[in-house]
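> Need a 3D model of the sequence below.
(one chain, ligands or ions: 1)
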Amino acid sequence: MAVDYAVRDGIAVITLDNPPVNGLGHSTRLGIVEGIERARDDASVSAVVITGAGRAFSGGADITEFNTPKATQEPTLHTVIKAVEGSAKPIVAAIHSVAMGGGLELALGAHYRVATPGAQIALPEVKLGILPGAGGTQRLPRAVGLETALNMIVSGTPVLSEKLAGTALFDRMAEGDLLDEAVKFAKQVGAQDGPHPKVRDSAIEHPNAEGFIQFARNSVATIAKAFPAPHKCIDAIEAGVKNGFDRGLAFERECFLALVQTPESRALRHAFFGERAAGKIADVPSSTPVRKIARVGVIGAGMMGGGIAMNFVNAGLPVTLLETKQDALERGVATIRKNFEAQAKKGKLTTEKVEERMALLKPTLSYDDLAEADLIIEAVFEELGVKEHVFRKLDEVAKPGAILASNTSTLDLNAIAAFTKRPEDVVGMHFFSPANVMKLLEVVRGEKTAKDVLATVMQVAKQIKKTAVVSGVCDGFIGNRMIEQYVRQALFMLDEGALPAQIDRAIEKFGFAMGPFRMSDLAGNDIGWAIRKRRYQEQPELHYSRIADRLCEAGRFGQKTGGGWYDYQAGERNALPSKLVDDMIVAHSKELGIGRRKISDDEIVERLVFSLVNEGAKILDEGIASKASDIDMVYLTGYGFPLYRGGPMLYADTVGLYNVERAMRKYAARPNGDAWAPAKRVTELAAQGKGFNG
Ligand code: T1G
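Numbering: from 1, shown residues only. Reported below is the predicted structural model:
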């Protein structure tokens with residue numbers, strides 16, 4: 001039973017014990033109700049304390065039960081809270097560390113609450129695309145006031161318990177041992193005559209509730225455009241303000257049941273678990289010992305190296321930054337300082353913090369200064385010969401056990417590891433530009449990369465607040481390998497009849513932060529050009545439209561040259577459709593003898609997104625990625641895929657693989673159809689009526 005029951009000095013103590021965060025799964029809910037009944041029937045018991053074992057009071061409903069029969073199996077959380085609130089003997093919730101979601105709602109059903117300072121108090125359901133579904137939208141406003149409650153519910157952001165100490169939410173703040181103080185307090189209230197206070201009986205005080213709620217609606221409209229949940233949160237709160245507790249509670253229930261079925265909620269829950277699952281490597285147990293990382297070395301002070309170094313000094317780790325030339329080194333350090341000062345200007349950093357971080361940076365021109373580093377990351381020019389020089393040098397100077405990481409985005413990590421006598425210490429850490437901003441980190445596992453090296457890098461990724469996804473070795477790893485197929489389709493569609501602005505608009509309407517052509521103009525069209533030139537040598541069979549090469553031959557590399565797929569006014573970044581480029585595209589189709597046709601936005605979205613899905617399925621077939629949710633995390637955190645669709649693989653599940661495969665076969669029968677042979681996994685799962693995510 002995920003609940004412990006004991007009687008201490010006439011007080012029944014019900015302890016939730018369902019690791020890791022006392023999720024209110026069915027057995028926990030059952031244990032609470034049974035504990036309350038035991039206390040009720042025990043004449044020696046005058047009051048009840050409910051508390052949580054381990055690292056939380058409770059992290060809320062057990063989200064692993066969602067959309068399974070257990071989630072609604074009695075006793076539901078509603079039944080539990082009713083039993084708590086209806087208890088004749090007073091119930092005290094003793095809160096520490098975390099009281100979130102259903103965990104806070106459980107506490108709100110108690111008659112009294114005692115908390116330690118520093119506990120995270122939140123109703124974060126909106127972040128899962130739902131809303132508090134066990135009375136939170138009705139009780140929290142009665143406990144902390146309408147404005148504080150509405151802000152907490154619509155944002156889902158935790159508030160520290162001491163910030164709410166002056167409200168009716170907490171009767172006591174425990175300074176010493178929480179359980180001792182809660183039991184002592186319970187004895188006091190247990191000696192008093194009832195009835196004991198119920199949060200539901202309090203009024204919601206506000207001088208102008210209607211006006212405030214309207215103001216809240218207006219401010220939410222902008223941030224919540226793709227998500228229904230924030231609006232529903234306000235609707236449920238408003239229902240309680242206008243129609244009283246019981247009708248508000250019933251309305252909240254309706255909203256909850258509607259939201260939990262939405263694709264947006266499924267996507268958000270998928271991302272929540274996907275983020276955590278990405279940190280787990282099937283054959284590297286969480287008990288794998290990790291190496292101590294106290295000092296970091298970064299080689300290369302360019303845009304990537306500088307951004308990478310910032311991640312580590314942000315986490316308080318000293319970084320030795322190595323360059324080959326003094327002016328490049330000084331430029332790199334100056335850029336890092338400029339970035340920190342820009343953050344300080346926005347109030348994100350104090351000037352002291354800027355100096356503290358800069359002091360952690362040790363610029364040098366000598367490899368010898370890397371001798372003490374525990375982790376060394378190179379971000380030098382993307383050319384195998386240069387990498388060879390760096391890794392041979394590192395093999396000489398780096399201390400035994402140092403982890404040697406390459407930031408390479410396209411080269412063979414196994415070849416790089418072979419430049420050293422310690423391939424087991426070599427791993428890929430592929431950051432995404434700007435490296436100090438983008439959350440995604442592809443951790444590339446070489447054939448010989450040791451398990452403790454992987455475990456260490458995954459832990460370091462958490463420390464520098466990155467979403468780390470493990471990739472095997474292939475050209476482009478996970479993200480870039482898939483985006484190459486996406487770009488191929490975009491270019492083919494230019495030949496066949498579309499123009500850059502139409503393609504960008506269609507996929508941005510689907511939800512991508514930026515379409516392929518705006519993205520390419522931003523990153524630099526010459527990057528893709530270099531990769532295609534390599535492709536034409538290495539894989540001549542991989543048919544490509546040459547229109548992008550034409551653009552580069554005309555020197556149109558994008559924003560950095562004042563023009564690319566789009567025109568840019570001097571100093572401006574907004575992309576203006578270019579007549580010159582559009583004419584170039586039309587002329588190119590003519591040259592190829594292709595009769596241009598109107599391409600619908602639906603076709604654009606299908607071909608762009610399903611090309612990601614098909615390549616992602618091949619990546620799974622080859623074992624380059626271990627799970628579909630890893631691929632989704634790559635796209636959600638590194639490529640601007642819309643969060644409310646959950647990533648390309650979840651989106652394919654939402655569409656249905658049967659339909660995805662049919663679309664692929666349709667495109668396979670057309671010109672340029674070679675890319676559309678469905679991956680084995682697509683065909684197999686479609687035939688079984690399954691999805692990538694089960
Ligand atoms: N249910 C099940 N498992 C959960 C969980 C939950 N609510 N919360 C966390 N876990 C797992 C997580 O998957 C991971 O598992 C481990 O706990 C540690 O999590 C009716 C319906 C609580 C602040 O949204 O914000 O209540 O990977 O790595 O950084 O209104 O987890 O180790 O196997 O994040 O210390 C509302 C979500 C639910 C809280 C702890 N509650 N959780 O953070 O550890 S909906 C939430 C968090 C609800 C009611 C509705 C955080 C945390 P594993 P972690 P952490």
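
> Near the ligand, which residues of the protein are found?
Within the chain, the positions near the ligand by C-beta under 6 Å from any ligand atom are 20-21, 23, 56, 59-64, 77, 98, 100-102, 105, 124-125, 128, 132-134, 136, 276. Placement of C-beta: from N, CA and C, glycine included.

> For the residue in the stretch 551-694 of the chain that the ligand sits nearest to, grab the count of nearby residues.
For the stretch 551-694 of the chain and the ligand, the shortest gap (C-beta to the nearest ligand atom) falls at residue 629, measuring 12.0 Å. Taking other C-beta atoms under 10 Å as the criterion, the count of residues near residue 629 is 26.

> Which strands and helices lie in contact with whichever strand or helix holds it?
Taking DSSP states H and E as the criterion, residue 629 maps to helix 628-638. If you count contacts as 3 or more C-beta pairs under 8 Å, 6 or more residues apart in numbering; DSSP states H and E, helix 628-638 packs onto helix 263-278, strand 440-444, strand 467-471, helix 479-496, helix 601-621, helix 648-655.

> any chance of those in TSV, with mean pLDDT and mean neighbour count too?
Listed next are the helices and strands packed on helix 628-638 as TSV, based on pLDDT from 0 to 100; neighbours: other C-beta atoms under 10 Å:
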stretch	mean pLDDT	mean neighbour count
helix 263-278	94	20
strand 440-444	98	26
strand 467-471	98	26
helix 479-496	96	22
helix 601-621	98	23
helix 648-655	97	24
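
> Dump the ones you listed into CSV; add distance to residue 375 as well.
Putting the helices and strands packed on helix 628-638 into CSV (distance: least, C-beta to C-beta, whole Å) gives the following:
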stretch, distance to residue 375
helix 263-278, 20
strand 440-444, 12
strand 467-471, 14
helix 479-496, 22
helix 601-621, 27
helix 648-655, 31
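
> before we move on, the earlier item: any idea how far the closest residue to the residue of the stretch 551-694 of the chain closest to the ligand other than its chain neighbours lies from residue 389?
Closest residue to residue 629 apart from its sequence neighbours, by C-beta to C-beta, 6 or more residues apart in numbering: residue 274 at 3.7 Å. As judged by C-beta to C-beta, to the nearest Å, residue 274 and residue 389 stand 38 Å apart.

> In the stretch 51-200 of the chain, what residue lies closest to the ligand?
Proximity of the stretch 51-200 of the chain to the ligand (C-beta to the nearest ligand atom) peaks at residue 101, 2.5 Å away.

> Now the nearest residue to that residue once chain neighbours are set aside. Its backbone dihedrals?
Of all residues not flanking residue 101 in the chain, residue 60 sits nearest, at 2.5 Å (C-beta to C-beta, 6+ apart). In this entry, residue 60 is assigned phi and psi values of phi 110, psi -170 (degrees, to the nearest 10).

> Kindly report the same for residue 211.
phi -60, psi -40.

> again, but for residue 320
Main-chain dihedrals, residue 320, degrees, to the nearest 10: phi -90, psi 120.

> cool, the one 4 residues further on as well?
Backbone geometry at residue 324, expressed as degrees, to the nearest 10, gives phi -90, psi -30.

> which ones are touching the nearest residue to it once chain neighbours are set aside?
For residue 324, ignoring the flanking residues on the chain, the nearest one in space by C-beta to C-beta, 6+ apart is residue 365 at 6.9 Å. Contacts for residue 365 (C-beta atoms under 8 Å, 6 or more residues apart in numbering) come out as 322-326, 329.

> Then residue 305?
Residues in contact with residue 305 (C-beta under 8 Å, 6+ apart) are 298-299, 321, 332, 379-380, 407.

> same thing but 7 Å
298-299, 332, 379 (C-beta atoms under 7 Å, 6 or more residues apart in numbering).

> how about a markdown table for those residues, with pLDDT added?
Listed next are these as a markdown table, based on pLDDT from 0 to 100:
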| residue | pLDDT |
| --- | --- |
| 298 | 98 |
| 299 | 98 |
| 332 | 97 |
| 379 | 96 |
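
> and these, which are buried?
Among the contacts of residue 305, the ones that count as buried by 16 or more other C-beta atoms under 10 Å are 298-299, 332, 379.

> Helices - which of these land there?
Assigned to helices by DSSP state H, the following of those qualify: residue 332.

> Number of residues surrounding residue 570?
5.

> what do you get for the one 3 residues further on?
Around residue 573 sit 10 other residues, with neighbours defined as other C-beta under 10 Å.

> Which residues are in contact with the closest residue to it other than its chain neighbours?
Leaving aside its sequence neighbours, residue 573 sits nearest to residue 559 (C-beta to C-beta, 6+ apart; 6.2 Å). The contact partners of residue 559, by C-beta under 7 Å, 6+ apart, come to 521-522, 568, 573.

> Would you mind giving the residues you listed as CSV with distance to residue 413, pLDDT and secondary structure added?
Listed next are these as CSV, based on distance: C-beta to C-beta, whole Å; pLDDT from 0 to 100; DSSP: H, G, I helix; E, B strand; the rest coil:
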residue, distance to residue 413, pLDDT, secondary structure
521, 30, 95, helix
522, 27, 91, helix
568, 36, 95, coil
573, 34, 88, coil
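
> right, and out of the residues you listed, which lies closest to residue 532?
Compare each of these with residue 532 using C-beta to C-beta and the shortest gap goes to residue 521, at 16.3 Å.

> Go through stretch 318-336 and flag the buried ones.
So, applying 16+ other C-beta under 10 Å, buried residues of stretch 318-336: 318-323, 329, 332-333, 335-336.

> go on, stretch 168-178?
Within stretch 168-178, the residues that count as buried by 16+ other C-beta under 10 Å are 169-174, 178.

> how close does the residue positioned nearest the centre of the chain sit to residue 330?
Taking C-alpha atoms, centre = their mean as the criterion, residue 275 is the residue nearest the geometric centre of the chain, at 5.6 Å. For residue 275, the distance to residue 330 (C-beta to C-beta) stands at 38 Å.

> could you point out which element follows the helix or strand harbouring residue 530?
Using DSSP H and E, residue 530 falls within helix 525-538. Later in the chain than helix 525-538, the nearest helix or strand by DSSP H and E is helix 547-553.

> Closest residue of the stretch 151-300 of the chain to the ligand?
Using C-beta to the nearest ligand atom, the single residue of the stretch 151-300 of the chain nearest to the ligand is residue 276, 3.8 Å away.

> Got the phi and psi for the closest residue in space to residue 110 that isn't next to it in sequence?
Nearest non-adjacent residue to residue 110, counting by C-beta to C-beta, 6+ apart: residue 93, 4.0 Å away. The phi/psi pair for residue 93 (degrees, to the nearest 10) reads phi -90, psi 130.

> what number of residues lie near residue 554?
14.

> Got the confidence number for the closest residue to it other than its chain neighbours?
Leaving out its chain neighbours, the residue that sits closest to residue 554 by C-beta to C-beta, 6+ apart is residue 584, at 7.6 Å. The model reports residue 584 with a pLDDT of 97.

> Look up how far residue 166 lies from the closest residue to residue 146 other than its chain neighbours.
Excluding the flanking residues, the one nearest residue 146 by C-beta to C-beta, 6+ apart is residue 206, at 4.4 Å. Note on residue 206: its distance to residue 166, by C-beta to C-beta, is 17 Å.

> quick one: which of the two has more around it?
Each of residue 206 and residue 166 has its neighbours counted (other C-beta under 10 Å); residue 206 has more, 16 against 10.

> for the more buried one, phi and psi?
Torsion angles, degrees, to the nearest 10, at residue 206: phi -160, psi 130.
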